[in-house]
Every structure is written in structure tokens, then in C-alpha cells.
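Visitor: Using only what follows, build the 3D model:
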Amino acid sequence: MNVQIDSGRCQGHGRCYTLAPGLFAEDDEGYGQVAGDGAVPPGEERAARLAASNCPERAIDLDTDLDEEA
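Guide: Below you'll find the predicted structure:
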């Protein structure tokens, strides 16, 4: 799973980095940004979904359709 934030929709409420601080951070102006490369580590999927479902602007996109190579 990967997460992305649509900066055009983000209004800086901060719910993403409050609910999932390992996945999101705030920029200098208080807007959410993805921490790292956006890959959700194992065990953090619930936090990613929680942050996405609590974003008032629906600015968080979850990509759950990744091809995993074995």
C-alpha cells in the first residue's frame, strides 16, 4: 500500500499527521505531507486508512493495488 496527499485539496487540518504520525508529517505551513516515499510499512495499513477516512477534504489517496514481487 502507498499513500499520497493531493496538495490541491489539502487544507491543513492536520488530522493525517495526528492520526498516523509515522506516515505523515506537516510542512512549514501546517499542511500534510507524506513522510518518506509513501510506502506503508506492514502493520500501518489501519493507520493509513484511518487518516484517509478522517481527512475532511479527502486529500489522501491510498494505492492498494500494488504488484508485489516475490
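Visitor: Show me the helices in the protein, by range?
Guide: Counting by DSSP state H, residue ranges of the helices within the chain are 15-19, 45-53.
Visitor: Residue 61 pairs with what?
Guide: Under DSSP bridges, the beta-bridge partners of residue 61 are residue 4.
Visitor: what's near enough to touch it?
Guide: The neighbours of residue 61, taking Cβ atoms under 8 Å, 6 or more residues apart in numbering as the test, are 3, 4, 5, 6, 52. Where C-beta positions appear, they are placed from N, C-alpha and C, glycine not excepted.
Visitor: Who wins on neighbours among those residues?
Guide: For the contacts of residue 61, neighbours were counted using other Cβ atoms under 10 Å, and residue 3 has the most, 26 neighbours in all.
Visitor: Wait, that one touches residue 25, no?
Guide: No: because the distance of 11.9 Å does not satisfy Cβ atoms under 8 Å, residue 3 is recorded as not touching residue 25.
Visitor: Give the intersection of the neighbour lists for those two.
Guide: In contact with both residue 3 and residue 25: residue 34, using Cβ under 8 Å, 6+ apart.
Visitor: quick one: the closest residue to residue 11 other than its chain neighbours from residue 43, how far?
Guide: By the measure of Cβ to Cβ, 6 or more residues apart in numbering, the closest residue to residue 11 outside its immediate chain neighbours is residue 57, 5.4 Å from it. Taking Cβ to Cβ, to the nearest Å as the measure, residue 57 falls 27 Å from residue 43.
Visitor: which of these two has more neighbours?
Guide: More crowded of residue 57 and residue 43, by other Cβ under 10 Å: residue 57, with 15 against 8.
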